[in-house]
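*Asks:* starting from these lines, generate the structure:
(chains A and B)
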Number of protein chains: 2
Amino acid sequence: MKLLEERILKDGNVLSDSVLKVDSFLTHQVDYELMQEIGQVLADTYQDAGITKVVTIEASGIAPALYTASALDVPMIFAKKHKNITMTEGILTAEVYSFTKQVTSTISIASKFLSQVDKVLIVDDILANGQAAKGLIEIIQQAGAQVAGLGIVIEKSFQPGRQELEDQGIKVTSLARLASFANGQIEFAEADV
Amino acid sequence: MKLLEERILKDGNVLSDSVLKVDSFLTHQVDYELMQEIGQVLADTYQDAGITKVVTIEASGIAPALYTASALDVPMIFAKKHKNITMTEGILTAEVYSFTKQVTSTISIASKFLSQVDKVLIVDDILANGQAAKGLIEIIQQAGAQVAGLGIVIEKSFQPGRQELEDQGIKVTSLARLASFANGQIEFAEADV
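*Replies:* The predicted structure is shown next:
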């Protein structure tokens, strides 16, 4: 997605050989217009897949997931990273290790929101090691629902997440794919759309 | 906001005299269409206030804040509840006590996103004791920016948050105001819009 690649070049901030900061339009301050375009592109890609729900994980995935859900005219569900006293009913959970935060956390979705009739598009902001995506897939499969694909805003193609997910048979659609950003230079691999 | 009150009556789930669960359209599964309406109503209310940024806090505030920002054509910023290794620059912080989760946490916004020229509309999903809102106000004021108001999806009017914020001179705009839900019966106070 050219518009997104241009924005990454303009506003992305390379902090190290593996950390790119995109907090001015995606992960902290959010450019709603860019998110809307992203949602539209993901929706177009999956428009014939019979998607019934878009699933993401709090918090940075919510904006792109919401506009994708809007363009597909389906509900969006965001998985929770932390327990809440109002979550009393049946919940589906998975363990997710965050390399960034170096902690394992339990993510959850209330079981009433997913069932065997659902075809789910997962949307997330960043794909690196794929831990969050694998946790979401595990939860969706526990519910007996089908994962139609994974829509990603920015993929770090030099990390193993995509390959491991494809090895599981998951279709991955990344709108920008970072081949490397060694020495502060961002190089893209060819994006999926 | 009549549409919202109707939705609360239809899908809200009273768990106790002080806990109403709205996870089927706001806090877990999100109805994008209702969020869009909410964003439009809040934007209409503040359209002459010269708003330059919409600020919320992760995670349930993001959806209504995003559509409000979209209708006002300004960026949305979500405050972080947890530290992240990519937040290395100057950050503004405040301490927030959560009665629901019974923990104090440090919320933060990168200082580069707010300055003295900003007029900020805060948007959040629920107003009860007002702790999150007070923390956000503190951060915005640290930046020298102005708080133009607080837009709330659901206010628990029997808790002290609104009164305390108004005592600080903050304009509060709540789209649904719960007067009580004793004995499982939801009663509304008159909403602000």
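*Asks:* for chain B, what are the nearby residues on chain A?
*Replies:* By CB under 8 Å from any CB of the partner chain, the residues of chain A that approach chain B are A:15, A:19, A:21, A:23-24, A:27-33, A:35-36, A:58-59, A:62-63, A:66-67, A:69-70, A:75-78, A:80, A:82, A:84-88, A:100-101, A:109-110, A:113. C-beta here means a position set from N, CA and C on the backbone, and glycine is covered the same way.
*Asks:* how about a cut-off of 6 Å?
*Replies:* Residues of chain A lying close to chain B (CB under 6 Å from any CB of the partner chain) are A:19, A:21, A:29-30, A:32, A:58-59, A:62-63, A:66, A:69-70, A:75-77, A:85-86, A:100, A:113.
*Asks:* for chain A, which helix is longest?
*Replies:* helix A:32-45 (DSSP state H).
*Asks:* what helices or strands is that helix leaning on?
*Replies:* Under the contact criterion of 3 or more CB pairs under 6 Å, 6 or more residues apart in numbering or on different chains; DSSP states H and E, the helices and strands touching helix A:32-45 comprise helix A:62-72, helix B:62-72.
*Asks:* follow-up on the earlier one: quick check on the residues of chain A next to chain B: which are buried?
*Replies:* A:21, A:29-30, A:32, A:58-59, A:62-63, A:66, A:69-70, A:75-77, A:86, A:113 (16 or more other CB atoms under 10 Å in any protein chain shown).
*Asks:* hang on, the earlier thing: report the angle between the next helix or strand after the longest helix of chain A and helix A:32-45.
*Replies:* Remark: after helix A:32-45, the chain's next helix or strand is strand A:53-57, criterion DSSP states H and E. Angle between the axes of strand A:53-57 and helix A:32-45 is 130 degrees (criterion: axes from the mean of the first three to the mean of the last three CA atoms, to 10 degrees).
*Asks:* quick one: mean pLDDT over the longest helix of chain A.
*Replies:* On average, the pLDDT along helix A:32-45 is 98.
*Asks:* and for stretch A:97-117?
*Replies:* The predicted model gives stretch A:97-117 an average pLDDT of 91.
*Asks:* output whichever helix or strand A:K10 is part of as PDB, restricted to C-alpha atoms.
*Replies:* Secondary structure here is read from DSSP H and E; on that basis A:K10 sits in helix A:2-11. This file holds the C-alpha atoms of helix A:2-11, laid out as PDB (Å, rounded to 0.1, in the frame of the first residue of the first chain):
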ATOM      1  CA  LYS A   2       1.900   3.000  -1.400                       C
ATOM      2  CA  LEU A   3       0.300   5.600   0.800                       C
ATOM      3  CA  LEU A   4       1.300   3.700   3.900                       C
ATOM      4  CA  GLU A   5       4.900   3.100   2.800                       C
ATOM      5  CA  GLU A   6       5.200   6.800   2.100                       C
ATOM      6  CA  ARG A   7       3.900   7.600   5.500                       C
ATOM      7  CA  ILE A   8       6.400   5.200   7.100                       C
ATOM      8  CA  LEU A   9       9.300   6.800   5.300                       C
ATOM      9  CA  LYS A  10       8.100  10.200   6.200                       C
ATOM     10  CA  ASP A  11       7.100   9.700   9.900                       C
END
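*Asks:* just the strands in chain A please.
*Replies:* Counting by DSSP state E, chain A has these strands, from start to end: A:13-14, A:20-21, A:29-30, A:53-57, A:76-79, A:91-98, A:103-110, A:119-127, A:146-156, A:172-180, A:187-189.
*Asks:* could these be laid out in a markdown table, adding distance to B:K119?
*Replies:* A markdown table is the format used below for the strands of chain A (distance: least, CB to CB, whole Å):
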| stretch | distance to B:K119 |
| --- | --- |
| strand A:13-14 | 26 |
| strand A:20-21 | 26 |
| strand A:29-30 | 16 |
| strand A:53-57 | 30 |
| strand A:76-79 | 29 |
| strand A:91-98 | 36 |
| strand A:103-110 | 36 |
| strand A:119-127 | 28 |
| strand A:146-156 | 29 |
| strand A:172-180 | 32 |
| strand A:187-189 | 37 |
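*Asks:* find the residue at the geometric middle of chain A.
*Replies:* Using CA atoms, centre = their mean, the residue of chain A that lies closest to the mean C-alpha position is A:D124, 1.3 Å off.
*Asks:* wait, that residue touches A:G61, no?
*Replies:* Yes - between A:D124 and A:G61 a contact is recorded at 4.4 Å, counting by CB atoms under 6 Å.
*Asks:* ok, A:G184 - contacts?
*Replies:* A:G184 makes contacts with A:V14, as judged by CB atoms under 6 Å, 6 or more residues apart in numbering or on different chains.
*Asks:* what is the burial count for A:K101?
*Replies:* Neighbour count of A:K101, defined by other CB atoms under 10 Å in any protein chain shown: 12.
*Asks:* coming back round to it: any residues touching the longest helix of chain A, and which ones?
*Replies:* A:1, A:25, A:63-64, A:67-68, A:71-72, A:151, A:153, A:173, A:193, B:66, B:69-70.
*Asks:* lowest pLDDT pick from those?
*Replies:* Comparing pLDDT over these, the lowest reading goes to A:V193, 93.
*Asks:* measure that one to A:A49 for me?
*Replies:* Distance, A:V193 to A:A49, using CB to CB, to the nearest Å: 14 Å.
*Asks:* and A:V54, what does it touch?
*Replies:* Shown here is A:V54, whose contacts under the criterion CB under 6 Å, 6+ apart are A:65, A:68-69, A:76, A:121, A:123.
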